[in-house]
Structures are given as C-alpha cells and as structure tokens.
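>>> Any chance you could fold what I've pasted below:
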Amino acid sequence: MEWASQLCENRGLGSKMTDSKYFTTTKKGEIFELKAELNSDKKEKKKEAVKKVIASMTVGKDVSALFPDVVNCMQTDNLELKKLVYLYLMNYAKSQPDMAIMAVNTFVKDCEDPNPLIRALAVRTMGCIRVDKITEYLCEPLRKCLKDEDPYVRKTAAVCVAKLHDINAQLVEDQGFLDTLKDLISDSNPMVVANAVAALSEIAESHPNSNLLDLNPQTINKLLTALNECTEWGQIFILDCLANYMPRDDRESQSICERVTPRLSHANSAVVLSAVKVLMKFMEMLPKDLDYYGTLLKKLAPPLVTLLSAEPELQYVALRNINLIVQKRPEILKHEMKVFFVKYNDPIYVKLEKLDIMIRLASQANIAQVLAELKEYATEVDVDFVRKAVRAIGRCAIKVEQSAERCVSTLLDLIQTKVNYVVQEAIVVIKDIFRKYPNKYESVIATLCENLDSLDEPEARAAMIWIVGEYAERIDNADELLESFLEGFHDESTQVQLQLLTAIVKLFLKKPTETQELVQQVLSLATQDSDNPDLRDRGYIYWRLLSTDPVAAKEVVLAEKPLISEETDLIEPTLLEELICHIGTLASVYHKPPSAFVEGSRGVQHKRIPARAGSGESAESSDVGQSGPSEAPPAVIPSQGDLLGDLLNLDLAPPTATVPSVQPSMQMGAMDLLGGGLDSLMGDDSDTPGGRTEVQSPQPSSDYRERELGGDIGGSPSMGAGLGAAPAAMPASLGAAPAVGGGLGDLFDLGGGVGMPTGSYVAPKTVWLLAMKGKGLEISGTFARRGGIIQMDLTLTNKAMSVMTDFAIQFNRNSFGLAPAGPLQVLTPLSPNQTIDVSLPLSTSGPVMKMEPLNNLQVAVKNNIDVFYFSCQYPLSLLFVEDGKMDRQVFLATWKDIPNENEAHFQIKDIHLNSDVASNKLQGSNIFTIAKRTVEGQDMLYQSVKLTNGIWVLAEMRIQTGNPNYTLSIRCRAPEVCQFVYLCYELVLKN
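Residues are numbered from 1 along each chain as shown. Down below sits the predicted model:
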C-alpha cells in the first residue's frame, strides 16, 4: 500500500529512534483515550495521538472509529502531522466515503498553500483516495496544480492525472486533463516531462487505440533533451516511450541512436536495458553497410558484459535478456564467449542460462574452447548442470558441422566414465547426431549397446531403442536386444512403448524371416493388452499395413527421414521480435509475450520491430502506418508443446478433416513417426466428396499423397506371410477408408445449411460426442458470434438410464485462447431421454498454444458419471471482430508492408452472386470491404479482417461478370491463418 511505503519517510521527519514505543501492545479502552488525546488543545499531545493511531493501523488494528477526530487534525501548519493525517485518510477513505468528504475543503485550501511541499502533498493524497464521491471536487485543485509555478507540484500533479483516470476515465477526458498532460511534455523541467510521459504511457496502455502519445520528431526531440537531465527512473519512462516510436527513415533512426547511446554507461541496470531496447529496435532501420551500424554493434557489448558482474539475481535477468539479443544479433557478443564461462560459485539458474548462451554463440572459430569447457562441466557434481552440459555438446555437434567428430569423441569419453546419468544423456544426444549426419558415426553403436543394461530413464531407453531399430541391419543381435526390452513391456513408459513398437516393426521389415514371432508378440501387446489409445491406434495401423500391403508398410515405416534442424530451441521469429520490444520487462525474463501472463487482453499492446531501410517500404507509407492497425503485429501463436501438464492430459485427435494446404511457413509440431499421418495411410486426401476446391500449393505433395499406398514397388512376398488379418476389435476407421467429407466443408455442413438473411452464418449442429463414448451422454454443437460475443451452442441428450447432474466444462489450451466465460448452465438434472439446449459464452483470454489444425479445440465435459473428452473445430470467422474495418491509407501501407511471400491465392468455385451481394454477405461476418474497383468488367474488392488477438488479414477478391469462380488473394503477417480465412469466405458465400 502506498500509505505504508510512505510511513518510513514521514516518521523520519523529526522523529527519533524511540518511535517503536507506538507499536507496543495496547490495553483496553485505548480507542477512547486516543479520541480524547486527538481532541486535545496541546499540539504535541495531538501529534503523539496521531502517531499512535498510525502505528495501530500499520499493525492491522481497526481504528476507523476515530475517522472524524483524525480529520479534525488536518487543520494544522505542522507538515509532519499533516502527512500522518493524510496517510490515515488514504487508508480509510474507501470504507468511510461520507466522512471523507469532510476533508475536501482542506485539500482545496492546501492546494493553494504557499509551501510547494504542502501543495504537492495535497494533490498526491487526492489521487490516492479512490472514492467516486470525492473525485469531482478534486478537478479544480488538480487543474491549478498542473499549471503550478513549482516543478515539484507539476510533476506530482501529472502522476495524479493517471491515478484519477484509473478511477474515472470519462471525468479526466471531459475536464481536458489529457491535453494539459500532453502540454507538460514541452515543460522546461525534465522531471515534469518524465512524469508526464509516464502518466500518458500508463493511460495509453489501458486504452491502446486512444493514440494519446502522438509522437512526432518535435516531441521526440523534447524527450531526448529531457533524457540527459532527469533522474534514472525518469530516464526509463522516456526510453520506454521512445521505444514505441516509429522513425520516418534511417537518418532519424541514427540520430536517435546517437543521443540514446550515452545511457549505456549508466549505473542503473534498468536504464541500460531500456537503452539497449531502443537501440535494438532502431538498428533494424539502419543499413548494414553503414559505418555507424558496426560502431553501434561494438558499443552494445561492454554494457551487457558489465551487467554480468552484478549479484546473481541481476545476472539472471541480464542473461535472459542477453539470450534474446543473441538470438536476434549474435554478432554483438561473438567475441565475448569467455564472459559466459561458468564460475564455480554461480547459482544453478545462472549456470544453466550461461550454458544456453554459450551454445548460441558457438561457432567454428571458438568451438575448441567451448568443447573444452563443456567437457569440464560434465565432471561437475551438480546433476542438472552435468545433464545440460552433455546435451550442450550434442547441440554443438549439430550446430557446427566441422566440430561433430570432436563432439562425438568427447561424448564417447564421457560414456567411458560409466557415470549413469552422463551415459544416458550422451545416448540421447548421439541419437540426434545420427539424425543430423546419417551414415557417418554409426561405428559407435557397438559402444552404445554395451551400456544397454544401465539405462533406466525413459528418454534414454527410447533413444537407444530408436538407434537399435533404425540400424537393425548393422546390429547382429538386434532382435535379442529389442526382445530384452519387450519382457517388461507393460512396465515401460508410453514413450518407450511407442518407440519399441516402431523399432520392432522396422526390424521385421528389414529381417522378415527371423523376427515374425517378435512382431506378432509386440502387436498383440500393443493392441489387445494395452489401454493406452495412442499405443493401440499405432499398433492397429501397423497391423493393417503389414497384413494388407507389406510393400507399402516398408515405404511408410522406413521412409527417409528429414534432417533435424540446427537450432531446435530458437524462439519463433515473430515472438522474438515482440520480446525484443519488451527488453527490460517481465516478458523478457519469462520469454513470453505479456498477453500470456497478464490477466485479460485489455491493456496488452503487441509491438513489433520497424522494417529495415531498403525493404521496399516508402517513408510515406511507414508514416501512414505509424498509428494505424498496421503497427499491431500478429499475436504470436506459440509452438505446440507437451500437453502432459495440461488439465486434459490427453492427446485428442482432431475430427477427420482436411484443410486446403498453402505453402507452410511455420514448423508444425513434432515429426510424425508414420511419415504422412493417418490421412496419407488411408489415401483419402484427393478425392473427398466435399465439393470444396483444393488450393494449388507451391510445394509438391508428398509421395504418399500422390498415389495409393499399394503401388507397384517390388518387395519380399514373405514379409506379410504368417501375419493374420487385423483383429476384429479393430476400429472401423482402420478396416477400410471411411467416406469422410472434405474437412471443414463437411464439419460445418457446407452443402445443406440454410443461409441467414442478415448477420453471420451459423453452421448446423453436428455430433461432437457420441452417446456410446459419453456413457449415454450425447453432445451436439455449433459456434456462433452474436453481438460481438462468441457462443458455443450445445445440445445435451441423456441416452442413459440414470439421471445426469453436476455438469462442468473446460477447454485445453488452443491457438486463440478460447475459454468458457462462465460455468456451463445446466440448472436442472438431465433425466433419461431428456434433451436440453445450452448456450455457453466464450472469451479469448485463455492460455494460448498452437494447435494442429489451427482451429482445433479440445474439450473436457464433466458430470456426476465421468469426465468425457472430445475435440471439434470452429470457423475462424468466430474470431472476426466488429472493428475490423481498416482505413484506406492504412490498408495500402499495411499491404505493402507485408512480405510478398506471405500472400496466398485461392479459388472459390460455383458462386453466383454479384460483388455487392457478396460484399454485404461477408460484412455480416465482419469481413469489411475497404474499396471497390472495376477494371474491364472485373470487380475487385479490397477487404480487411481483424482477429480477436490483433492479427490483421487483408484480402483482394476478383469477381468477373458471368464467371462463377472468384479469385481470392490473402495477405497476413501470420500466413498460417490464410487458409482458414479462405474457408470462412467459402462458408459465408455458399450459405
């Protein structure tokens, strides 16, 4: 509380160390005695009584009964007594609003006191009293203080405006305080400027579209002038404000960098990091061949290195920020490797972070030095650190190809130490090295096999099994090794069981005559004796493949694997850009955007780094886009992570649906062990009866999608011999390729929906949870957007014999943070054969994680019988917001700003609507037409869409008179969204 933090300051005024006497235990009737003392005629006695009251308040006693008596003490010339009374007022005004009005006259009077300290004290206290009844009385005093002759009063009043705005925003705007605050940016006193910037920044954060901080070159010049003279915290406010500015060109960018650079030598680490943030952002606009660019890179290294000589906690924050900087610009610290070498007395969290940065800076020039260090670390006593060090050696091998041999040699030396956890980590990283450099280091397999018995961790066992399965033809006793794992199959973790199943199938495909019994055994264990759905499904797929077409099985299971990437743990580029804009804040420590950990989406602004000079963006267009929607970057969708920590704790497959494929621009999760996934095994990708046009992808489809699996490839006929047909218990979907529809088209019943005359199209309900899977509970549903609110319309049917009660619903993390905005309102028990309709409002403030497909939603519904899981897909139009109409100039600037490679082209077939009707239909779903052009009989509509997480989508739709096929071009900074926006266009126009 603010009053508590001021207590020490106030008690320091003339008080002695004997103030502890006020905190001694109290006796009965003390309130009555204090009341008498507060009304005493003697000033000293009155002051003593107020001190006792504040002491009681500080230790948590309720002294609100004394409110009128304490307020009477405000009429005094004694500054110390006045401060104490103001402290009391701040604390109790909210619980006694009617009594607090008594103090208003004194505030007004104090705001005109000749002493500037009293004027400032009055205005500061006014801002801290959060009582609506009082705020209107405070406007006049605040207006005077904002124009006070004393800068101390003005700087205090500036902060008070931000506090008042938080209580009553409308009042502040009506009274014109925001304009006065903007005028203070031109104040002659640097601290007033800093506080005005801080107040405006705070107000702007809660109102992102208000454009309060209208930054222009003149304003920026004033801020840079004030920067040299204000306090360290004032400098931070100004630097953070500068970081939000978009320079017009590289010359202005260089000028700002030159004036900010001296802040790098500041003693306060927060000032240093704020300066680094500004420089990192504006460097993007400087041409790399500029001499100043190289000078700036050299100037950035020393302050970052200096931060590492602070205490461990500060070191950790510095290292987390350096980790981001190194990913964006490794050249800044490429000669500073030694600074990141671990010291023996570093805490573990500092050691691990240094290790991470060492790997990022590793190059051919310093790899020998790095490897020597890592080998040393691998003999330390700290187990976590040793594991990370061993893993780091493997990462170096993958990153620097010339060092791979030395790394493998180092790992073999470590394996010879026979230290259990070292051996296990070494095997895990050697597996990755095999993936990166096939047919190069397989000679070490014999050494790895010697340590088979010592492996007890799932990851190490799974890695070893993968190696044995992958190189079975080189290992004479591969069948014996895998059989030894099979003995305790049901005691193994899922990771090991899945790997063992795949490895034995690989072995069978390579040595069919010797391992037939082994493969029968593992398929039986996986399909009949296991209750893990993932394991069972994979077992059924292998069984079906091997029993019907062994040649195709060989093509699938032994397909050539893609090489693993050099850096698998780099932060995704758009997220990295956003985090660079948040250097020096919590976001840079968590390595997450603020929207991921700040409750509610209001007030969270997405930031982006400006475009580099010469990237094709004109000075005019960048100026236009400065305050418009083009500045908002796409909300970053994090990569799909491990779901084990989630509440749902299940890997739910999405409904059988395909999406038109645009050239992929984003790594989608982990590699599928089966190569092409279930769709490619079933071969149902090309001829689905959904009536939907597939988009021509710039990349060729995989071999599995080009042909039926039973092609004319030669193979040993004996491979399938002896394998019986797939067991009768196998799911129908594996028995034969089911007649599934064409993805989202069928999911939302594109063929049979009834078009709505106005508003957005709502798809008919489809069954999401079958009664046989829901123990009698059947759930059908659809999604709708009504009046700006997203709703999930559910129909619950009880097909069981017992009553169902206690319904609740929860969503897994998903791409756009969809989450229930309230509980599932099933107010009465659901009797047998009863059906009820429920509408569940949804918010978009839930946790975010990229799903595959992007619009997949995994749902858990609980009732008194059990918890049931299902997944469904929502149309992306659900997330199209009502304020998605972009200004024409901003549209033009944004279209130019988005790279050409982010543009996707689609055909929408069989649409018999003219351009005006199509435009109106689309507007009902918040797809807004910005402009229309007609050229040679062809109408061109330019349209914009805004998603709930700030992603803007721009589109051009071409409609030729008499031609039922529309051409749609979509541009977006998050290109993976394009194909789903296309589906929404098709969905709306065809219904």
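>>> Show me where the stretch 201-350 of the chain has its helices.
Assigned by DSSP state H, counting those that start in this stretch, the stretch 201-350 of the chain shows helices spanning 217-227, 232-242, 250-260, 269-283, 291-307, 312-328, 348-361.
>>> most packed of those?
Among these, helix 269-283 has the highest mean neighbour count (mean count of other Cβ atoms under 10 Å), at a mean of 23. (C-beta placed from N, C-alpha, C; glycine too.)
>>> who's in contact with that one?
Helix 269-283 has contacts (Cβ atoms under 8 Å, 6 or more residues apart in numbering) with 232, 235-236, 239-240, 242-243, 247, 253, 256-257, 260-261, 263-264, 266, 293, 296, 300, 303-304, 306-307, 310, 314, 317-318, 321, 325, 328-329, 580-584, 609-610.
>>> can you do 6 Å?
With Cβ atoms under 6 Å, 6 or more residues apart in numbering as the test, helix 269-283 has contacts from 232, 235-236, 239-240, 242-243, 253, 256-257, 260, 263-264, 266, 303, 307, 314, 580, 583-584, 609.
>>> what angle do it and helix 250-260 make?
170 degrees (axes from the mean of the first three to the mean of the last three Cα atoms, to 10 degrees).
>>> Which residue comes closest to V104 once chain neighbours are left out?
Y137 (4.6 Å; Cβ to Cβ, 6 or more residues apart in numbering).
>>> what about the one you found, neighbour count?
Neighbour count for Y137, taken as other Cβ atoms under 10 Å: 15.
>>> quick one: what helix or strand has it in it?
If you go by DSSP states H and E, Y137 is part of helix 132-146.
>>> Quick one: mean pLDDT for that helix?
Across helix 132-146, the average pLDDT comes to 80.
>>> do stretch 336-347 as well
In this model, stretch 336-347 has a mean pLDDT of 88.
>>> Tell me the buried residues in it?
336-337, 339-340, 342, 346 (16 or more other Cβ atoms under 10 Å).
>>> same check, this time on stretch 873-892
873-880, 884-887, 890-892.
>>> Would you mind identifying the next helix or strand past the helix or strand of the chain with the lowest mean pLDDT?
Lowest on mean pLDDT, DSSP states H and E among the helices and strands of the chain sits helix 744-747, with a mean of 30. For helix 744-747, the following helix or strand on the C-terminal side (DSSP H and E) is strand 766-769.
>>> next one: that next one to chain centre, how far?
Averaged C-alpha coordinates place strand 766-769 at 30 Å from its chain's average position (Cα atoms, centre = their mean, to the nearest Å).
>>> With stretch 892-909 instead?
Put simply, stretch 892-909 sits 25 Å off its chain's centre (Cα atoms, centre = their mean).
>>> Only alpha carbons, please: show it as PDB.
The C-alpha coordinates for stretch 892-909 follow below in PDB (Å, rounded to 0.1, in the frame of the first residue of the first chain):
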ATOM      1  CA  LEU A 892      -2.400   0.400 -48.600                       C
ATOM      2  CA  ALA A 893       0.600   0.900 -46.200                       C
ATOM      3  CA  THR A 894       0.000  -2.400 -44.500                       C
ATOM      4  CA  TRP A 895      -0.400  -4.300 -47.800                       C
ATOM      5  CA  LYS A 896       3.000  -3.000 -48.900                       C
ATOM      6  CA  ASP A 897       4.500  -3.800 -45.500                       C
ATOM      7  CA  ILE A 898       3.500  -7.500 -45.500                       C
ATOM      8  CA  PRO A 899       6.100  -9.500 -47.500                       C
ATOM      9  CA  ASN A 900       5.000 -11.000 -50.900                       C
ATOM     10  CA  GLU A 901       5.800 -14.500 -49.700                       C
ATOM     11  CA  ASN A 902       3.000 -14.100 -47.100                       C
ATOM     12  CA  GLU A 903       0.400 -13.900 -49.800                       C
ATOM     13  CA  ALA A 904      -1.800 -16.900 -50.600                       C
ATOM     14  CA  HIS A 905      -4.100 -17.400 -53.600                       C
ATOM     15  CA  PHE A 906      -7.300 -19.400 -53.600                       C
ATOM     16  CA  GLN A 907     -10.200 -20.200 -56.000                       C
ATOM     17  CA  ILE A 908     -13.800 -20.100 -54.700                       C
ATOM     18  CA  LYS A 909     -15.900 -22.000 -57.200                       C
END
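>>> Perfect, that will be all.
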